[in-house]
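*Asks:* 3D, please:
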Amino acid sequence: MTIFFDIETGPLPVEELQAKFESQWEAPPHPGEFDPASVKYGNTKDKDKRAEKLAECQQAHAAAVAKYAETAEQAKQEDWTKYLEGAALSPITGRVLAIGMLDCPSNRKMLGSVHTLPEDELLGKWWEKAVSQIKAGRLLVGHSIFFFDLPFLIQRSWILGVEVPTVIRKSSRYWADQFVDTRELWQCGDRQCKSSLDHIAQALKVGGKPEDVTGADFARLFWSTDEADRRKAFDYLANDLDMTRAIANRMGII
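*Replies:* Residues are numbered from 1 along each chain as shown. Down below sits the predicted model:
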């Protein structure tokens, strides 16, 4: 029995992110006092032109000082937007929202999410499943799991105090033999090779991502109060599992 798996992540609650962001954000440097020595005159020797240049620089500096609070606030808002956009991709600012599994050959799909279990319990259940699969000598297959899924699961476990079974890694560098990463196989040693799940699935003509949903939409749909939105999120995850299985089949993994 082979298990295909995939995780979906989302940002931590906004209150937590706001606190983290505020603790580390640094405002742009204040213009400070005007320094006449900072004016660059080039080769100009003419006193009037030099005086004009000095006045221009003084005015520009005064304007920068007067506008500093507005400029700093704008920079802060831009940095906050970028921080939010990337939050789901870091185990420090993101969390596991759902773990999907596809049992082959039975084709039974299993889904765990923080809608029904706290994240630490969800992680604990996942590690139990992974260990039982490894000890049985059965494969655990996913796409980009060596680059994202497994590191994220481990790091979130460390953060939440969830024990990570030692059998998951053979050493500090290598994963248990039962883990198979379709992205790594597709790259054939070329780390620069285009290797997204969607790209490979389309190249092999075994599926593709939905046109109306991306991974960036998952958290919004997942937390929506609209049942149709939540279903769309879980359908997105299920489609990823189906694509991974189809890719693995073409690669001869199963």
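*Asks:* Now name the helix or strand holding residue 7.
*Replies:* strand 2-11 (DSSP states H and E).
*Asks:* what is the mean pLDDT for that strand?
*Replies:* For strand 2-11, mean pLDDT is 98.
*Asks:* Give me the distance from it to the chain's centre.
*Replies:* Chain-centre distance of strand 2-11: 13 Å, with CA atoms, centre = their mean, to the nearest Å.
*Asks:* Make residue 1 into 419 and carry on from there
*Replies:* From this message on, residue numbering opens at 419, which makes the last subject strand 420-429.
*Asks:* What segments of the stretch 569-672 of the chain are helices?
*Replies:* Assignment of helices within the stretch 569-672 of the chain using DSSP state H, counting those that start in this stretch yields the ranges 600-605, 615-621, 636-640, 645-669.
*Asks:* Would you format these as a markdown table with mean neighbour count and mean pLDDT included?
*Replies:* Every residue, glycine included, has its C-beta placed from N, CA and C. Output for the helices of the stretch 569-672 of the chain, formatted as a markdown table (neighbours: other CB atoms under 10 Å; pLDDT from 0 to 100):
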| stretch | mean neighbour count | mean pLDDT |
| --- | --- | --- |
| helix 600-605 | 19 | 97 |
| helix 615-621 | 19 | 97 |
| helix 636-640 | 19 | 97 |
| helix 645-669 | 18 | 97 |
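*Asks:* what would those look like in CSV with distance to residue 485?
*Replies:* What follows is the helices of the stretch 569-672 of the chain, written out as CSV (distance: least, CB to CB, whole Å):
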stretch, distance to residue 485
helix 600-605, 47
helix 615-621, 44
helix 636-640, 35
helix 645-669, 42
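*Asks:* Which one, of those, ends up nearest to residue 423?
*Replies:* The minimum distance between residue 423 and the helices of the stretch 569-672 of the chain falls on helix 645-669, with 7.6 Å, by CB to CB.
*Asks:* can you give me the angle the closest one makes with strand 420-429?
*Replies:* For helix 645-669 against strand 420-429, the angle by axes from the mean of the first three to the mean of the last three CA atoms, to 10 degrees is 140 degrees.
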